[in-house]
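> show me how the following folds:
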Amino acid sequence: MMDLMLPLFLPAEVRIESVIRALVGITFFSAAYMAENVRGGLQSIENGQYEAAYALGLSHFAMMAFIILPQALRAVIPILVSQFIGLLKDTTLVMILSLFDVLGIGKSVLGNPKYIGTSKEVYIFIAALFWVLSYGMSYASQRLETSLGVGER
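Take a look at the predicted model:
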């Protein structure tokens, strides 16, 4: 959408590189989901927490920074990590714009005559790379959840 529609809304002399358009498009897409996840976490906080912060005389900023947001973000750690893993896997969508990512680099390697017949190895390597990165994020999230006591009262 950003690659096709953005140039239609800009003056003819303004040209934005496709890398920037892809970056902005993925950022907007991810930000919308991130905002919804954090909003869900904020709605999970009981009203008594807000009232207690007001009773202590905290400003709105201090209440959100020190009381509400830490609890809300703690509640949504699993979905945020899931979103980051999905975002990592969605980076392959930039191939639509003829930009190179890990999968595009793998395809360009296969285009080299010296590597004909090695497609299985290239794709297994790319799959292993994505798996290691996804598993690493998942493991770090699990450790963080355990140390914060997510799911325990």
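> so where does the one residue sitting closest to the centre of the chain fall, helix or strand?
In the chain, the residue lying closest to the centroid (C-alpha atoms, centre = their mean) is Phe84, at 3.4 Å. For Phe84, the host element (DSSP states H and E) is helix 77-90.
> helices or strands up against that helix?
Applying 3 or more C-beta pairs under 8 Å, 6 or more residues apart in numbering; DSSP states H and E, one finds that helix 77-90 makes contact with helix 18-43, helix 119-148. The C-beta positions use only the backbone N, C-alpha and C, and glycine is treated the same way.
> which positions within whichever helix or strand comes after that helix qualify as buried?
With elements assigned by DSSP H and E, the helix or strand that comes after helix 77-90 is helix 102-110. By neighbour count with 16 or more other C-beta atoms under 10 Å, helix 102-110 contains the buried residues Val102, Leu103, Gly106, Lys107, Val109.
> next one: stretch 26-34
Quick answer for stretch 26-34 (16+ other C-beta under 10 Å): Ile26, Met34.
> so what pLDDT did Ser98 get?
pLDDT for Ser98: 66.
> adjust the sequence numbering to begin at 49 for everything that follows.
Happy to do that; since the first residue is 49 now, the last one works out to Ser146.
> return the distance of Phe148 relative to Ala70.
Applying C-beta to C-beta, to the nearest Å, the value for Phe148 to Ala70 is 11 Å.
> about what we covered before: wait, which of the helices and strands packed on helix 125-138 is closest to Ala120?
Proximity to Ala120, assessed across the helices and strands packed on helix 125-138 by C-beta to C-beta, is greatest for helix 66-91 (3.5 Å).
> output the contacting helices and strands for that closest one.
Helix 66-91 packs on helix 50-57, helix 117-123, helix 125-138, going by 3+ C-beta pairs under 8 Å, 6+ apart.
> then the helix or strand following it to PDB, C-alphas only?
Following helix 66-91 in sequence order, the next helix or strand is helix 95-103 (DSSP H and E). What follows is helix 95-103 as a C-alpha-only set of coordinates in PDB (Å, rounded to 0.1, in the frame of the first residue of the first chain):
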ATOM      1  CA  ASN A  95      -9.900   0.900  38.700                       C
ATOM      2  CA  GLY A  96      -8.600   0.700  42.300                       C
ATOM      3  CA  GLN A  97      -5.100   1.100  41.000                       C
ATOM      4  CA  TYR A  98      -6.000   4.400  39.400                       C
ATOM      5  CA  GLU A  99      -7.800   5.600  42.500                       C
ATOM      6  CA  ALA A 100      -4.900   4.600  44.700                       C
ATOM      7  CA  ALA A 101      -2.500   6.600  42.600                       C
ATOM      8  CA  TYR A 102      -4.800   9.700  42.700                       C
ATOM      9  CA  ALA A 103      -5.200   9.200  46.400                       C
END
